[in-house]
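Chemist: got a predicted model here, sequence first, then my questions.
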Amino acid sequence: MKSNVKVSKHVLKNVENYLYGTMQNLFGVWWKAREYAAKHPEEEKSADNDNSGLYY
């Protein structure tokens with residue numbers, strides 16, 4: 001089925017840049033949490049027994 005909606009290259013590029021930035025931000029948050037957990041292993045052990053809803 002062919003769509004009759006035409007998406008301009010400008011709009012498509014904005015969406016692409018938004019998604020790329022979002023992925024970079026999420027990866028940055030994950031990376032910092034990973035580094036923090038590596039530097040503070042005693043906090044991670046206590047978090048494993050905590051049912052706070054944070055799972056990784």
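Modeler: Everything's here; your move.
Chemist: all the helices of the chain, in order from the start?
Modeler: Using DSSP state H, the helices of the chain run over 9-39, 41-48.
Chemist: would you single out the least confident of the ones you listed?
Modeler: In terms of average pLDDT, helix 41-48 trails the rest of these, at a mean of 65.
Chemist: export the helices of the chain as CSV, with columns for mean neighbour count.
Modeler: For glycine as for every other residue, the C-beta is placed from the backbone atoms N, C-alpha and C. Listed next are these as CSV, based on neighbours: other CB atoms under 10 Å:
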stretch, mean neighbour count
helix 9-39, 10
helix 41-48, 9
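Chemist: next up, phi/psi of residue 6, please.
Modeler: phi -100, psi 130 (degrees, to the nearest 10).
Chemist: now it: how far from residue 12?
Modeler: Noted for residue 6: a distance of 11 Å to residue 12, by CB to CB, to the nearest Å.
Chemist: now swap in residue 36 and tell me
Modeler: According to CB to CB, residue 36 stands 37 Å off from residue 12.
Chemist: what does residue 19 give?
Modeler: Where residue 12 is concerned, residue 19 sits at a distance of 11 Å (CB to CB).
Chemist: again, but for residue 43
Modeler: 43 Å.
Chemist: list the contacts of residue 43.
Modeler: With contact taken as CB atoms under 8 Å, 6 or more residues apart in numbering, residue 43 is in contact with residue 37.
Chemist: repeat that with 10 Å
Modeler: Each residue near residue 43 by CB atoms under 10 Å, 6 or more residues apart in numbering is listed here: 36-37.
Chemist: before we move on, what about residue 15?
Modeler: Going by CB under 10 Å, 6+ apart, residue 15 touches residue 7.
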